[in-house]
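A.B. asks: Next input, structure requested:
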Amino acid sequence: MDNLNKNAITNGIIIAVITIAIQLLTYYAAPQLLGATWYGIVISLLSLVIYIVFTLDLRKKVGGFWSFKQALTGIFIMSLVANVVSSVFNFVFYKFIEPDAYDRVKGYVADGLTATFEKMGLSGDDMDKAIEKATESLKSQYQPSPLDFLKNIAIAILIGFVLSLIFAAIFKRNPPMFAPLEEAE
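C.D. replies: Next comes the predicted model:
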């Protein structure tokens with residue numbers, strides 16, 4: 001179990017580093033993507049793939065077999081570490097390194113939503129209200145107060161736990177009940 005926890009922490013740190021690298025690359029190289037709905041979907045799917053890969057890696061590192069409880073423990077620790085490291089980085093980055101990020105990203109999101117809503121046939125006050133509501137919700141991510149930080153981290157931990165439950169159910173693998181018979185030569 002000690003080996004499981006250590007490997008889960010290591011994998012969680014690696015996931016956080018990958019996530020932070022993608023985030024920084026996007027923010028500095030192609031910030032307009034932050035306003036694109038399709039980009040959010042792609043990043044969500046990529047995150048899911050990353051978690052699956054590291055879950056399978058974790059199972060392999062502990063011998064290829066683990067009970068539901070061991071799987072849940074390992075996957076949740078991995079998720080917890082990744083979420084805490086990423087959340088702390090985001091808070092520091094957007095609060096102290098890029099304090100004007102909200103205004104920058106808000107424009108991209110407003111432009112992306114305007115284009116999407118126009119395609120849907122929405123216009124006028126309804127569109128303005130929807131865009132204002134969406135951009136206002138970005139404030140907790142890009143201009144986080146200490147309370148926003150705690151709320152964001154609590155939500156991330158809760159979502160991580162639910163996904164850990166699902167992943168543990170999917171990726172648990174009990175050892176065979178009986179050892180395979182060796183054929184006599």
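A.B. asks: dump the residue contacts of the residue nearest the centre of the chain.
C.D. replies: Against the mean C-alpha coordinate of the chain, by C-alpha atoms, centre = their mean, the closest residue is Ser47 at 5.7 Å. Ser47 is in contact with Thr19, counting by C-beta atoms under 8 Å, 6 or more residues apart in numbering. Quick note: C-beta positions are derived from backbone N, CA and C, even for glycine.
A.B. asks: and stretch 29-45, how far apart are its ends?
C.D. replies: End-to-end distance of stretch 29-45 (C-alpha to C-alpha, to the nearest Å): 21 Å.
A.B. asks: quick one: buried residues of that stretch?
C.D. replies: For stretch 29-45, burial by neighbour count (16 or more other C-beta atoms under 10 Å) applies to Leu33, Leu34, Gly35, Ala36, Ile43.
A.B. asks: Pull the most distant pair out of these.
C.D. replies: Farthest apart among these by C-beta to C-beta are Gly35 and Ile43. That separation is 12.8 Å.
A.B. asks: Now the element after the biggest helix by length in the chain, going C-ward?
C.D. replies: Longest helix of the chain, by residue count under DSSP state H: helix 2-29. Later in the chain than helix 2-29, the nearest helix or strand by DSSP states H and E is helix 37-61.
A.B. asks: same for whatever helix or strand comes next after that next one, what does it pack against?
C.D. replies: Elements were assigned by DSSP H and E; along the chain past helix 37-61, the next helix or strand is helix 68-92. Under the contact definition 3 or more C-beta pairs under 8 Å, 6 or more residues apart in numbering; DSSP states H and E, helix 68-92 sits against helix 2-29, helix 37-61, helix 146-171.
A.B. asks: Show me what counts as buried in the longest one.
C.D. replies: Okay, so that is helix 2-29. So helix 2-29, judged by 16+ other C-beta under 10 Å, has buried residues 4, 7-12, 14-16, 18-20, 23, 27.
A.B. asks: orientation of that helix relative to helix 68-92 in degrees?
C.D. replies: If you take axes from the mean of the first three to the mean of the last three C-alpha atoms, to 10 degrees, helix 2-29 sits at 30 degrees to helix 68-92.
A.B. asks: Contact partners for Leu34?
C.D. replies: Applying C-beta under 8 Å, 6+ apart to Leu34 gives the contacts Thr26, Tyr27, Val105, Tyr108, Val109.
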